[in-house]
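> Sequence first, then the predicted structure, then my questions.
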Amino acid sequence: MRWLSFVLAGLLAAVQADLWFGRSSVPYTMSLRTQLAAQQAANDRARERNERLEAEVSDLKEGLEMVEEKARAELGMVKPDEILVQVAPPRR
């Protein structure tokens, strides 16, 4: 009967050791939760960026207003009957 107590105590110690120090330990689980939260935040940012890009692509496919706006902003497009006026910031 005495050896049964030692065997059970040893098994209990093995289970507790795995719980605190093994792959399913509390600190390891907490670090995985932290990594999961960081990855979910990164996924949310990427999803928002993808939605913005998808909306921009849709605008470019459907209408010329977005194309004209991009050409004006990025390439300095001016129509033949327009006058370009640039305002410089004041010098200090």
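Received the coordinates, thanks.
> what ranges do the helices span in this structure?
For the chain, helices defined by DSSP state H occupy the ranges 2-21, 26-62, 64-70.
> Pick the most buried one from these.
Comparing those by mean neighbour count (mean count of other Cβ atoms under 10 Å), helix 64-70 ranks first with a mean of 13. C-beta: built from backbone N, CA, C; applies to glycine.
> Give me the contacts around it.
Applying Cβ atoms under 8 Å, 6 or more residues apart in numbering, the contact partners of helix 64-70 are 56, 59-60, 77.
> Those residues into JSON lines, with extra columns for pLDDT and distance to residue 38?
Below are these laid out as JSON lines (pLDDT from 0 to 100; distance: Cβ to Cβ, whole Å):
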{"residue": "56", "pLDDT": "84", "distance to residue 38": "27"}
{"residue": "59", "pLDDT": "78", "distance to residue 38": "32"}
{"residue": "60", "pLDDT": "76", "distance to residue 38": "33"}
{"residue": "77", "pLDDT": "81", "distance to residue 38": "42"}
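> how far is stretch 85-92 from where the chain is centred?
How far stretch 85-92 lies from its chain's middle: 38 Å, per Cα atoms, centre = their mean, to the nearest Å.
> And for stretch 29-45?
With Cα atoms, centre = their mean, you get 9 Å for stretch 29-45.
> go on, stretch 59-73?
On the basis of Cα atoms, centre = their mean, stretch 59-73 sits 28 Å off its chain's mean C-alpha point.
> for this structure, which residue is closest to the average position?
Centroid check for the chain by Cα atoms, centre = their mean gives residue 42 as the closest residue, at 1.3 Å.
> So it versus residue 87, what's the distance?
40 Å (Cβ to Cβ, to the nearest Å).
> Also residue 49?
Applying Cβ to Cβ to residue 49 and residue 87 gives a distance of 32 Å.
> How about residue 44?
With distances taken as Cβ to Cβ, residue 44 is found 38 Å from residue 87.
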